[in-house]
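>>> sharing a sequence plus its predicted fold:
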Amino acid sequence: MKRTILFLLLFPVTITFAQKKLKIIKATSTSVDIKDDNYPIRKNAWTVVPKEKLDVYTTSAKKVTFYTDQESISFNVDPKIGEYDFIILVNGTDTARTQVKYDAKAPVRKPVAYLDTLRGAGKYNLSDRREIPVFTYQSMDNPNLVRIKKDLRLDSVAGNGNELSKVFNLMHWVHNLIRHDGNSDNPTLKNAIDLIRVCREQNRGVNCRMLATILNECYLAMGITSRYITCMPKETNFDDCHVINMVYIKDLKKWIWIDPTFDSYVMDEKGNLLGIQEVRERLIKSMPLVLNADANWNRTALQSKEYYLQTYMAKNLYRLETPVMSQFDTETWTSGKEVAYVELLPLDGIVQGPHKRESTYQKTGVKFINYKTNNPELFWATPK
């Protein structure tokens, strides 16, 4: 459940309540994640709003950690002490006095068992031959991609190693260059050059979709085949999903998982790099998965396999969607533009049809074409 945190006006930044200095953690978002004991983090478990003089999080957990979009704070909860006060400082001006309080009768809050839902989505249909368009990838000779490569100095960023090393270097660079902000509004121009420019000029971050867009265009500019994938839950109405990249490595002859938001990739127990479909199958079958040790969020919070894969991505690997054409400026909406997407969904997906749906968004004049398939072989087709 989401709970509420109050706002008080800060006079000065270092505050004393009852002659006792309280620890302060900073935030720019009102959404807070919480981890109880060794259970995975619960996303958006707490919401900061101006209401109470003191907001209390009651728990019987022995360790509690609050994560804002900037920092985190942990408490080893001693039943004899019982209460732990701290401050959440929002946007440098508003303060929220918060308390972690021990109560032996209070439940330890656990995240939803998303793995169970994903395990019910294991069946596809390899015989599904309903026609979908052939996936295409814009040539690195495209003038816009040439400009990206030159203006962003991608040769220097990617380095002189093999294709795989360039893929990792570019992922690390995008991850470190731009802050992730899942609550931000998307800029009007959604291409690598303009997104990076806006972030620099406005000292802002972007959401996972924009990070994956930037990285995708950088890969294409370097002649590396890639797409961005919208990873979605079972529900058709949802307030959270995740967007990552799939990158085809010629030497390995396979797609691999690349996530610029968390600077992450995934391996099997032997260290072999895995693609999105392989990770999904291994989660369903409880097979070993290894997350790179330095996977992190905004260079502040390291990610664990238990949270990132078994909870967060288990929720978001139920349905997958990708543009038909991987190219520059895919989602900058201009009148008369046409964009096609393909969704891969399991046989127990909620909405199986129609196979093809066309719609025009009146506000922008953009035409959308959406295809559905139950066949993963078509969705993960080897690039030609």
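Everything's here; your move.
>>> quick one: contacts for the nearest residue to residue 364 once chain neighbours are set aside?
In this structure, residue 364 finds its nearest non-sequential neighbour in residue 333, 4.0 Å apart by CB to CB, 6 or more residues apart in numbering. Placement of C-beta: from N, CA and C, glycine included. Residue 333 sits next to 361, 364, 366 when contact means CB atoms under 8 Å, 6 or more residues apart in numbering.
>>> what's the neighbour count on the second one?
With neighbours defined by other CB atoms under 10 Å, the count for residue 364 comes to 13.
>>> quick check on the spatially most central residue of the chain: phi, psi?
For the chain, the residue nearest the mean C-alpha position is residue 242 (4.0 Å; CA atoms, centre = their mean). Main-chain torsions, residue 242, degrees, to the nearest 10: phi -150, psi 150.
>>> go ahead and confirm it touches residue 314.
No: applying CB atoms under 8 Å as the test, residue 242 and residue 314 come out as separate, 11.1 Å apart.
>>> does residue 98 touch residue 89 like I think?
No: in this structure, residue 98 is not within contact of residue 89 by CB under 8 Å, at 11.0 Å.
>>> more neighbours, those two?
When residue 98 and residue 89 are compared on other CB under 10 Å, the one with more neighbours turns out to be residue 98, at 25 against 20.
>>> report the helix or strand with the lowest average pLDDT across this structure.
The helix or strand of the chain with the lowest confidence, counting by mean pLDDT, DSSP states H and E, is strand 8-9 at a mean of 38.
>>> in strands, which of the contacts of residue 333 appear?
Judged by DSSP state E, the contacts of residue 333 include 361, 366 as members of strands.
>>> walk me through the domains of the protein.
3-102, 114-379 (automatic domain parsing).
>>> distance from the longest one to the middle of the chain?
How far domain 114-379 lies from its chain's middle: 9 Å, per CA atoms, centre = their mean, to the nearest Å.
>>> could you do the first one as well?
Distance of domain 3-102 from its chain centroid, counting by CA atoms, centre = their mean, is 24 Å.
>>> quick check: beta-bridge partners of the residue nearest to the centre of the chain?
Note on residue 242: beta-bridge partners by DSSP bridges are residue 231.
>>> for residue 87, see how far away it is.
For residue 242, the distance to residue 87 equals 30 Å [CB to CB, to the nearest Å].
>>> before we move on, what about residue 347?
For residue 347, the distance to residue 87 equals 50 Å [CB to CB].
>>> quick one, which of these two is more surrounded?
residue 87 (23 against 12).
>>> ok, and the closest non-adjacent residue to that one?
Residue nearest to residue 87 in three dimensions, not counting chain neighbours: residue 24, with 4.5 Å by CB to CB, 6+ apart.
>>> quick check: can you name the pairing partners of the helix or strand harbouring that neighbour and their directions?
Taking DSSP states H and E as the definition, one finds residue 24 inside strand 23-27. Take DSSP bridges as the rule and strand 23-27 pairs in its sheet with strand 83-90 (parallel).
>>> got the buried residues for the partner strand?
Going by neighbour count (16 or more other CB atoms under 10 Å), the buried part of strand 83-90 is 84-90.
>>> could I get these as JSON lines with distance to residue 64?
As requested, the buried residues of strand 83-90 are arranged in JSON lines below (distance: CB to CB, whole Å):
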{"residue": "84", "distance to residue 64": "8"}
{"residue": "85", "distance to residue 64": "13"}
{"residue": "86", "distance to residue 64": "11"}
{"residue": "87", "distance to residue 64": "16"}
{"residue": "88", "distance to residue 64": "14"}
{"residue": "89", "distance to residue 64": "19"}
{"residue": "90", "distance to residue 64": "20"}
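>>> out of those residues, what pair is the most spread apart?
84 and 90 (19.5 Å; CB to CB).
>>> which stretches in the stretch 151-300 of the chain count as strands?
Taking DSSP state E, counting those that start in this stretch, the strands of the stretch 151-300 of the chain run over residues 226-232, 242-249, 254-258, 266-267, 290-291, 296-297.
>>> in a markdown table: the ones you listed, plus mean pLDDT and distance to residue 39.
Output for these, formatted as a markdown table (pLDDT from 0 to 100; distance: least, CB to CB, whole Å):
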| stretch | mean pLDDT | distance to residue 39 |
| --- | --- | --- |
| strand 226-232 | 98 | 22 |
| strand 242-249 | 98 | 20 |
| strand 254-258 | 98 | 24 |
| strand 266-267 | 98 | 21 |
| strand 290-291 | 98 | 17 |
| strand 296-297 | 95 | 18 |
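>>> what lies in contact with stretch 297-313?
Stretch 297-313 is contacted from outside by 35, 40-41, 43, 67, 69-72, 111, 114-115, 176, 179-180, 205, 231, 242, 261-262, 264, 266, 279, 283, 289-291, 294-296, using CB under 8 Å, 6+ apart.
>>> endpoints of that stretch, how far apart?
Stretch 297-313 has an end-to-end distance of 14 Å (criterion: CA to CA, to the nearest Å).
>>> ok, stretch 288-305 next?
End to end - CA to CA - stretch 288-305 spans 10 Å.
>>> rewinding a little: make TSV from the strands of the stretch 151-300 of the chain and add distance to residue 134 to it.
Listed next are the strands of the stretch 151-300 of the chain as TSV, based on distance: least, CB to CB, whole Å:
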stretch	distance to residue 134
strand 226-232	13
strand 242-249	15
strand 254-258	16
strand 266-267	27
strand 290-291	33
strand 296-297	36
